[in-house]
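Undergrad: What follows is a protein structure lacking sequence information:
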């Protein structure tokens, strides 16, 4: 449904919002290389936030007690197994006294809650560094998972991205990451009755660490499934992780990562389990298929691209199906071209227009296709080209009132276009992009006013 938001509405949502530099993820490995600031202002629809809050408000009490009891279960497990904390790495030197586990737990919870509330990645990373307790960071990892397990998907993605950034920066040793995750995995089966989708929720938190600079697939999968193989849950968790991974990359690429890691389903499934049946049921054939030769790339015209994309979008095809089609018909040079980017943007946005009087934007379609756009709008230059394409589309439609503003709202909310490309579009004097520019600028005056006010509030 479309949103008729006033400047105040957007400002209010910005203060409450839970948005973040999302991680395609997927294919956020592409976007992780972009020169974008770690701190971004995110607003998003009240409907999304309300649904998230409603879900949290209606968590069954048994599930809440289950999460709360995890610490007690871990304590009992520790008494029986007497796990040892890894020795500090040689690179860690501190003149400060060591923090107790209880102290670190309290500080971890405070950092996590603040991060989930204001989405300040840079601040959160610095706060973890200042804990100065690398040998106890498994507590931070464990609390991060427990704090988001029964929240929204967005919260879990945010937490996963924070852990990924900590691993990538070297602040969080891999051993500490593993220990924190494993403490949750060891009691996850007991929680499955109260939280049926727990394996998907855990996958949403774990998957980001597979991004470039994180942890290699083979190492991650083998470490995290150690307590799960014997109870028959390893395959389920890995299938969920691979499913999320394939939302941002082709099945072929995910399959290549699996094979390059030397992984085999025999490692993760019980001896009496039918491997072929499991692979078929979970649609994991891409992990076992033979590599095929690179297909002959066709030279499709923009019109042909538009026609096929429109057909795929109208059929409500999955992003993965569209990724696979694009990969089969275009090479990297072609998908990086302005022509491809503009055609993709125009086609997706056109599919989101509801032809009523007046025209309006179906923000649900923009939300559903955000990852598709993010994958190919991989830098600010491409985002600017996408805005030019959107301007041309609206001009072609005789500039229906408020249509461009609704698109700007939705594209910003979904992290498809960030602040700087919007400003570059606003100030652009490119002669080739001036048709209808004056009217277009007037129609989005309120958007830019809000954007600057929100930026000023953030700076203050």
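TA: Now that the structure is in, tell me what you want to look at. Predicted model only: the values in this text are computed from it and were never measured.

Undergrad: what helix or strand does residue 186 sit in?
TA: Assigning secondary structure by DSSP states H and E places residue 186 in helix 174-191.

Undergrad: Check which helices and strands that helix is in contact with.
TA: Judged by 3 or more C-beta pairs under 8 Å, 6 or more residues apart in numbering; DSSP states H and E, helix 174-191 is in contact with helix 61-68, helix 70-81, helix 137-148, helix 153-169, helix 198-206, helix 217-224. The way it works is simple: take the backbone N, C-alpha and C, and place the C-beta from them, glycine included.

Undergrad: Would you mind measuring from residue 214 to residue 208?
TA: The gap separating residue 214 from residue 208 is 7 Å, by C-beta to C-beta, to the nearest Å.

Undergrad: can you list residues touching both of the two?
TA: Residues touching both residue 214 and residue 208 (C-beta atoms under 8 Å, 6 or more residues apart in numbering): residue 164.

Undergrad: Which one of the two is surrounded by more residues?
TA: In this view residue 214 and residue 208 are compared by other C-beta atoms under 10 Å, and residue 208 has more residues nearby, 29 against 21.

Undergrad: the helices in the stretch 201-350 of the chain, which residues?
TA: Under the criterion DSSP state H, counting those that start in this stretch, the stretch 201-350 of the chain contains helices at 217-224, 234-245, 251-260, 275-281, 302-314, 319-329, 332-335, 338-351.

Undergrad: Tabulate those (TSV), appending mean neighbour count and mean pLDDT.
TA: Listed next are these as TSV, based on neighbours: other C-beta atoms under 10 Å; pLDDT from 0 to 100:
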stretch	mean neighbour count	mean pLDDT
helix 217-224	18	96
helix 234-245	22	95
helix 251-260	18	89
helix 275-281	13	93
helix 302-314	15	89
helix 319-329	18	85
helix 332-335	12	88
helix 338-351	20	96
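
Undergrad: Now distance to residue 398 too, for the ones you listed, in a markdown table please.
TA: Shown next, in a markdown table, are the helices of the stretch 201-350 of the chain (distance: least, C-beta to C-beta, whole Å):
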| stretch | distance to residue 398 |
| --- | --- |
| helix 217-224 | 50 |
| helix 234-245 | 41 |
| helix 251-260 | 42 |
| helix 275-281 | 51 |
| helix 302-314 | 20 |
| helix 319-329 | 29 |
| helix 332-335 | 31 |
| helix 338-351 | 14 |
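
Undergrad: tell me the contacts of the closest residue in space to residue 262 that isn't next to it in sequence?
TA: Leaving out its chain neighbours, the residue that sits closest to residue 262 by C-beta to C-beta, 6 or more residues apart in numbering is residue 218, at 6.0 Å. Contact analysis of residue 218 by C-beta under 8 Å, 6+ apart lists 261, 262, 263.

Undergrad: The first one is in contact with residue 215, isn't it?
TA: No - contact between residue 261 and residue 215 fails when scored by C-beta atoms under 8 Å: they sit 11.0 Å apart.

Undergrad: Of those two, give the one with the bigger neighbour count.
TA: Using other C-beta under 10 Å, the more surrounded residue of residue 261 and residue 215 is residue 215, with 20 against 15.

Undergrad: Could you report the distance from that one to residue 222?
TA: Distance from residue 215 to residue 222, by C-beta to C-beta: 11 Å.

Undergrad: cool, residue 238 as well?
TA: Counting by C-beta to C-beta - residue 238 and residue 222 are separated by 10 Å.

Undergrad: same check, this time on residue 422
TA: Distance of residue 422 to residue 222, computed by C-beta to C-beta: 44 Å.

Undergrad: cool, and residue 410?
TA: Residue 410 is 41 Å from residue 222, where distance means C-beta to C-beta.

Undergrad: What of residue 423?
TA: Taking C-beta to C-beta as the measure, residue 423 falls 46 Å from residue 222.

Undergrad: Now tabulate the contacts of residue 218 in CSV and tack on distance to residue 146.
TA: Shown next, in CSV, are the contacts of residue 218 (distance: C-beta to C-beta, whole Å):
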residue, distance to residue 146
261, 29
262, 33
263, 28
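
Undergrad: and those residues as TSV, adding distance to residue 106 and pLDDT?
TA: Below are those laid out as TSV (distance: C-beta to C-beta, whole Å; pLDDT from 0 to 100):
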residue	distance to residue 106	pLDDT
261	38	93
262	42	94
263	39	95
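
Undergrad: Out of these, which is nearest to residue 144?
TA: residue 261 (25.3 Å; C-beta to C-beta).

Undergrad: Now that closest one: phi and psi?
TA: Here is the backbone geometry of residue 261 (degrees, to the nearest 10): phi -80, psi -10.

Undergrad: Next up, the contacts around residue 338.
TA: Contacts of residue 338 (C-beta under 8 Å, 6+ apart): 382, 385.

Undergrad: what does residue 407 give?
TA: 349, 352, 361, 366, 390, 394.

Undergrad: Mind telling me what element it is part of?
TA: Here residue 407, judged by DSSP H and E, is contained in helix 403-413.

Undergrad: what mean pLDDT would you report for that helix?
TA: What helix 403-413 shows for mean pLDDT is 96.

Undergrad: tilt between that helix and helix 338-351?
TA: 110 degrees (axes from the mean of the first three to the mean of the last three C-alpha atoms, to 10 degrees).

Undergrad: how far does helix 403-413 sit from the chain's center?
TA: The chain centroid and the centroid of helix 403-413 are separated by 20 Å, computed with C-alpha atoms, centre = their mean, to the nearest Å.

Undergrad: ok, now stretch 130-143?
TA: 23 Å.

Undergrad: again, but for stretch 132-149
TA: So, by C-alpha atoms, centre = their mean, the centroid of stretch 132-149 is 20 Å from its chain's centroid.

Undergrad: mind listing what's buried in it?
TA: Under the neighbour-count criterion of 16 or more other C-beta atoms under 10 Å, stretch 132-149 has 132-149 buried.

Undergrad: which strands and helices sit next to the host helix or strand of residue 392?
TA: Applying DSSP H and E as the criterion places residue 392 in helix 380-396. Judged by 3+ C-beta pairs under 8 Å, 6+ apart, helix 380-396 is in contact with helix 338-351, helix 403-413, helix 419-427, helix 437-443.

Undergrad: let's go with 6 Å and repeat that
TA: helix 338-351, helix 403-413, helix 419-427 (3 or more C-beta pairs under 6 Å, 6 or more residues apart in numbering; DSSP states H and E).

Undergrad: Tell me which of those lies nearest to residue 167.
TA: Smallest distance to residue 167 across those (C-beta to C-beta): 27.5 Å, for helix 419-427.

Undergrad: measure residue 371 to residue 172 for me?
TA: From residue 371 to residue 172 the distance is 26 Å (C-beta to C-beta).

Undergrad: Correction: the previous question concerned residue 235.
TA: 27 Å.

Undergrad: for residue 102, same thing?
TA: 20 Å.

Undergrad: okay, these two: which has more neighbours?
TA: Just comparing residue 102 and residue 172: by other C-beta under 10 Å the higher neighbour count belongs to residue 172, 25 against 9.
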